[in-house]
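Participant: Structure, please.
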Amino acid sequence: MKAIWLIAVNFVREQRIVLLVFLLWLFGFVALFGLFTGPNGAAEYQALFQQQALYGIVYGLLVAISSVHGERKSRRILAVLSKGIYRGEYIAGLMLGNALLTSIYMGTMGLVHTMIMHRLGIHARLWPTVAAAWVASILAGSVALFFGTFLHPAFAAIGTSFVLGVPALLERTFGAVSAQIVPVNYVLRELLNYSYEHGWPGSWQFVPIAIIEIVLLWAMAAIVFSRRDVTVAIE
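Facilitator: Take a look at the predicted model:
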(Lines give C-alpha, C1' and ligand atoms only; values in the text may rest on other atoms or scores of the structure.)
Protein backbone atom coordinates (compact mmCIF):
# COMPACT_ATOMS: atom_id res chain seq x y z
CA MET A 1 0.00 0.00 0.00
CA LYS A 2 2.90 2.34 0.73
CA ALA A 3 4.24 1.83 -2.80
CA ILE A 4 0.84 2.68 -4.29
CA TRP A 5 0.63 5.84 -2.19
CA LEU A 6 4.15 6.98 -3.16
CA ILE A 7 3.40 6.42 -6.86
CA ALA A 8 0.18 8.42 -6.48
CA VAL A 9 1.90 11.32 -4.69
CA ASN A 10 4.65 11.40 -7.30
CA PHE A 11 2.04 11.42 -10.06
CA VAL A 12 0.32 14.42 -8.45
CA ARG A 13 3.67 16.19 -8.23
CA GLU A 14 4.38 15.56 -11.90
CA GLN A 15 0.95 16.90 -12.88
CA ARG A 16 1.13 19.97 -10.64
CA ILE A 17 1.42 22.42 -13.55
CA VAL A 18 -1.73 21.08 -15.21
CA LEU A 19 -3.52 21.16 -11.87
CA LEU A 20 -2.39 24.74 -11.26
CA VAL A 21 -3.68 25.82 -14.68
CA PHE A 22 -7.12 24.32 -14.00
CA LEU A 23 -7.28 25.89 -10.53
CA LEU A 24 -6.28 29.29 -11.89
CA TRP A 25 -8.94 28.91 -14.56
CA LEU A 26 -11.47 28.10 -11.84
CA PHE A 27 -10.56 31.14 -9.70
CA GLY A 28 -10.17 33.39 -12.74
CA PHE A 29 -13.68 32.76 -14.07
CA VAL A 30 -15.21 33.17 -10.63
CA ALA A 31 -13.44 36.52 -10.23
CA LEU A 32 -14.49 37.56 -13.75
CA PHE A 33 -18.13 36.76 -13.02
CA GLY A 34 -17.87 38.75 -9.80
CA LEU A 35 -16.76 41.82 -11.71
CA PHE A 36 -19.51 41.75 -14.33
CA THR A 37 -22.56 40.06 -12.81
CA GLY A 38 -22.84 42.08 -9.62
CA PRO A 39 -24.62 40.96 -6.44
CA ASN A 40 -27.65 39.50 -8.25
CA GLY A 41 -25.86 37.08 -10.54
CA ALA A 42 -27.15 33.83 -9.00
CA ALA A 43 -28.24 32.40 -12.35
CA GLU A 44 -24.86 33.16 -13.88
CA TYR A 45 -23.00 31.56 -10.98
CA GLN A 46 -25.22 28.49 -11.24
CA ALA A 47 -24.30 28.12 -14.90
CA LEU A 48 -20.65 28.62 -14.03
CA PHE A 49 -20.84 25.93 -11.36
CA GLN A 50 -22.36 23.50 -13.86
CA GLN A 51 -19.67 24.30 -16.41
CA GLN A 52 -16.80 23.92 -13.96
CA ALA A 53 -18.19 20.62 -12.67
CA LEU A 54 -18.37 19.34 -16.26
CA TYR A 55 -14.80 20.43 -16.87
CA GLY A 56 -13.78 18.66 -13.67
CA ILE A 57 -14.97 15.37 -15.16
CA VAL A 58 -13.10 16.08 -18.39
CA TYR A 59 -10.02 17.04 -16.36
CA GLY A 60 -9.84 13.59 -14.77
CA LEU A 61 -10.08 12.00 -18.20
CA LEU A 62 -7.46 14.21 -19.85
CA VAL A 63 -4.87 13.66 -17.13
CA ALA A 64 -5.34 9.88 -17.11
CA ILE A 65 -5.40 9.33 -20.85
CA SER A 66 -1.70 10.10 -21.39
CA SER A 67 -0.36 9.09 -17.97
CA VAL A 68 1.09 5.69 -18.95
CA HIS A 69 2.40 7.04 -22.26
CA GLY A 70 4.13 9.89 -20.45
CA GLU A 71 5.67 7.56 -17.88
CA ARG A 72 7.02 5.30 -20.61
CA LYS A 73 8.30 8.18 -22.71
CA SER A 74 10.21 9.69 -19.78
CA ARG A 75 11.46 6.21 -18.77
CA ARG A 76 10.40 6.85 -15.18
CA ILE A 77 8.42 3.65 -15.31
CA LEU A 78 11.60 1.58 -15.56
CA ALA A 79 12.98 3.14 -12.39
CA VAL A 80 9.75 2.38 -10.53
CA LEU A 81 9.31 -1.20 -11.71
CA SER A 82 12.98 -1.99 -11.10
CA LYS A 83 12.32 -1.57 -7.36
CA GLY A 84 10.13 -4.65 -7.26
CA ILE A 85 6.80 -2.89 -7.78
CA TYR A 86 4.13 -5.08 -9.35
CA ARG A 87 2.36 -3.85 -12.47
CA GLY A 88 -0.98 -3.94 -10.63
CA GLU A 89 0.44 -1.72 -7.88
CA TYR A 90 1.79 0.66 -10.48
CA ILE A 91 -1.59 1.00 -12.20
CA ALA A 92 -3.30 1.39 -8.82
CA GLY A 93 -0.86 4.18 -7.97
CA LEU A 94 -1.67 6.04 -11.17
CA MET A 95 -5.39 5.63 -10.58
CA LEU A 96 -5.06 6.86 -7.00
CA GLY A 97 -2.95 9.81 -8.16
CA ASN A 98 -5.58 10.74 -10.71
CA ALA A 99 -8.27 10.47 -8.00
CA LEU A 100 -6.22 12.80 -5.76
CA LEU A 101 -5.93 15.36 -8.55
CA THR A 102 -9.65 15.18 -9.16
CA SER A 103 -10.31 15.50 -5.42
CA ILE A 104 -8.21 18.67 -5.23
CA TYR A 105 -10.03 20.24 -8.16
CA MET A 106 -13.53 19.24 -7.05
CA GLY A 107 -12.88 20.17 -3.42
CA THR A 108 -11.56 23.59 -4.41
CA MET A 109 -14.50 24.17 -6.72
CA GLY A 110 -16.95 23.25 -3.96
CA LEU A 111 -15.29 25.55 -1.43
CA VAL A 112 -15.13 28.49 -3.85
CA HIS A 113 -18.78 28.25 -4.84
CA THR A 114 -19.85 27.67 -1.22
CA MET A 115 -18.19 30.97 -0.26
CA ILE A 116 -19.86 32.71 -3.20
CA MET A 117 -23.29 31.42 -2.19
CA HIS A 118 -22.66 32.52 1.39
CA ARG A 119 -21.77 36.01 0.16
CA LEU A 120 -24.90 36.15 -1.99
CA GLY A 121 -27.07 34.84 0.86
CA ILE A 122 -28.22 31.81 -1.15
CA HIS A 123 -28.71 28.39 0.38
CA ALA A 124 -27.44 26.16 -2.41
CA ARG A 125 -27.09 22.39 -2.29
CA LEU A 126 -23.67 22.09 -3.84
CA TRP A 127 -21.79 19.23 -2.23
CA PRO A 128 -23.93 16.26 -3.33
CA THR A 129 -23.50 17.43 -6.92
CA VAL A 130 -19.76 17.92 -6.37
CA ALA A 131 -19.59 14.35 -5.02
CA ALA A 132 -21.44 12.97 -8.05
CA ALA A 133 -19.11 14.79 -10.44
CA TRP A 134 -16.11 13.54 -8.44
CA VAL A 135 -17.18 9.89 -8.79
CA ALA A 136 -17.86 10.37 -12.51
CA SER A 137 -14.45 11.97 -13.01
CA ILE A 138 -12.65 9.06 -11.35
CA LEU A 139 -14.61 6.58 -13.47
CA ALA A 140 -13.87 8.52 -16.68
CA GLY A 141 -10.20 8.62 -15.73
CA SER A 142 -10.21 4.87 -15.06
CA VAL A 143 -11.64 4.16 -18.51
CA ALA A 144 -9.03 6.43 -20.09
CA LEU A 145 -6.21 4.83 -18.10
CA PHE A 146 -7.30 1.36 -19.17
CA PHE A 147 -7.09 2.26 -22.85
CA GLY A 148 -3.88 4.18 -22.23
CA THR A 149 -2.13 1.01 -21.04
CA PHE A 150 -2.07 -0.42 -24.57
CA LEU A 151 -2.94 2.43 -26.96
CA HIS A 152 -1.40 5.75 -27.98
CA PRO A 153 -3.23 8.64 -26.25
CA ALA A 154 -4.91 9.65 -29.52
CA PHE A 155 -6.41 6.19 -30.00
CA ALA A 156 -7.08 5.87 -26.27
CA ALA A 157 -9.20 9.02 -26.53
CA ILE A 158 -11.25 7.41 -29.30
CA GLY A 159 -11.76 4.23 -27.28
CA THR A 160 -12.69 6.17 -24.17
CA SER A 161 -15.17 8.33 -26.06
CA PHE A 162 -16.78 5.22 -27.54
CA VAL A 163 -17.19 3.50 -24.15
CA LEU A 164 -18.56 6.61 -22.48
CA GLY A 165 -20.94 7.24 -25.37
CA VAL A 166 -22.34 3.70 -25.65
CA PRO A 167 -24.95 4.16 -22.86
CA ALA A 168 -26.49 7.10 -24.72
CA LEU A 169 -26.83 4.96 -27.85
CA LEU A 170 -28.27 2.01 -25.94
CA GLU A 171 -30.75 4.29 -24.16
CA ARG A 172 -32.55 4.90 -27.44
CA THR A 173 -33.24 1.18 -27.77
CA PHE A 174 -33.46 -0.19 -24.25
CA GLY A 175 -34.70 2.82 -22.27
CA ALA A 176 -33.40 5.00 -19.46
CA VAL A 177 -31.93 2.10 -17.47
CA SER A 178 -29.13 1.84 -20.06
CA ALA A 179 -27.89 5.33 -19.17
CA GLN A 180 -26.20 3.97 -16.04
CA ILE A 181 -24.28 1.12 -17.67
CA VAL A 182 -21.24 3.40 -17.70
CA PRO A 183 -22.73 6.28 -15.69
CA VAL A 184 -20.41 9.12 -16.70
CA ASN A 185 -22.83 10.29 -19.38
CA TYR A 186 -25.67 10.00 -16.85
CA VAL A 187 -23.89 12.34 -14.43
CA LEU A 188 -23.09 14.80 -17.22
CA ARG A 189 -26.74 14.96 -18.20
CA GLU A 190 -27.93 15.40 -14.62
CA LEU A 191 -25.41 18.22 -14.12
CA LEU A 192 -27.09 20.11 -16.94
CA ASN A 193 -30.39 19.82 -15.00
CA TYR A 194 -28.86 21.04 -11.73
CA SER A 195 -30.31 24.03 -9.90
CA TYR A 196 -29.49 25.71 -6.59
CA GLU A 197 -33.03 25.18 -5.30
CA HIS A 198 -33.34 21.45 -5.94
CA GLY A 199 -29.73 20.34 -5.69
CA TRP A 200 -28.58 17.09 -7.28
CA PRO A 201 -31.45 16.06 -9.59
CA GLY A 202 -30.44 12.45 -10.21
CA SER A 203 -30.47 9.22 -8.25
CA TRP A 204 -27.53 7.61 -6.47
CA GLN A 205 -27.86 4.18 -8.01
CA PHE A 206 -24.92 4.94 -10.27
CA VAL A 207 -22.43 5.08 -7.36
CA PRO A 208 -22.10 1.32 -6.65
CA ILE A 209 -22.04 0.71 -10.41
CA ALA A 210 -19.21 3.21 -10.79
CA ILE A 211 -17.23 1.71 -7.91
CA ILE A 212 -17.52 -1.81 -9.32
CA GLU A 213 -16.47 -0.61 -12.75
CA ILE A 214 -13.46 1.28 -11.36
CA VAL A 215 -12.24 -1.88 -9.64
CA LEU A 216 -12.82 -3.97 -12.77
CA LEU A 217 -11.02 -1.42 -14.93
CA TRP A 218 -8.04 -1.51 -12.58
CA ALA A 219 -7.95 -5.30 -12.75
CA MET A 220 -8.19 -5.35 -16.56
CA ALA A 221 -5.60 -2.59 -16.92
CA ALA A 222 -3.22 -4.48 -14.63
CA ILE A 223 -3.62 -7.68 -16.67
CA VAL A 224 -3.12 -5.92 -20.00
CA PHE A 225 -0.18 -3.88 -18.72
CA SER A 226 1.53 -6.94 -17.26
CA ARG A 227 1.91 -8.24 -20.82
CA ARG A 228 3.36 -5.02 -22.21
CA ASP A 229 7.07 -4.60 -22.85
CA VAL A 230 7.85 -1.28 -21.18
CA THR A 231 11.57 -1.41 -22.00
CA VAL A 232 10.92 -0.45 -25.62
CA ALA A 233 11.48 3.25 -26.24
CA ILE A 234 8.50 5.18 -27.60
CA GLU A 235 8.26 8.56 -29.30
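
Participant: Would you agree Glu171 falls within a strand?
Facilitator: No. Read with DSSP: H, G, I helix; E, B strand; the rest coil, Glu171 is helix and lies in no strand.

Participant: That one and Pro183 touch, don't they?
Facilitator: No. Glu171 lies out of contact with Pro183 (Cβ atoms under 8 Å); the separation is 11.7 Å. Any C-beta I mention is one placed from the backbone N, CA and C, and that applies to glycine too.

Participant: Would you mind telling me which of those two has more residues around it?
Facilitator: Neighbours were tallied for Glu171 and for Pro183 using other Cβ atoms under 10 Å; the higher tally belongs to Pro183 (24 against 18).

Participant: The helix or strand containing Leu96 - contacts with which helices or strands?
Facilitator: Using DSSP states H and E, Leu96 sits in helix 87-120. The contact analysis (3 or more Cβ pairs under 8 Å, 6 or more residues apart in numbering; DSSP states H and E) places helix 87-120 against helix 2-14, helix 16-37, helix 42-65, helix 67-74, helix 76-81, helix 127-148, helix 206-226.

Participant: so how far is stretch 201-211 off the chain centroid?
Facilitator: The chain centroid and the centroid of stretch 201-211 are separated by 15 Å under Cα atoms, centre = their mean, to the nearest Å.

Participant: and what of stretch 58-71?
Facilitator: Relative to the centre of its chain, stretch 58-71 is centred 10 Å away, using Cα atoms, centre = their mean.

Participant: Show me the shaky parts of this protein.
Facilitator: Counting by pLDDT under 70, the chain contains low-confidence residues at 34-41, 175-176, 229-235.

Participant: Would you mind measuring from Ile57 to Ser103?
Facilitator: 13 Å (Cβ to Cβ, to the nearest Å).

Participant: More neighbours: which of the two?
Facilitator: Neighbour count, other Cβ under 10 Å: between Ile57 and Ser103, Ile57 has more, with 27 against 15.
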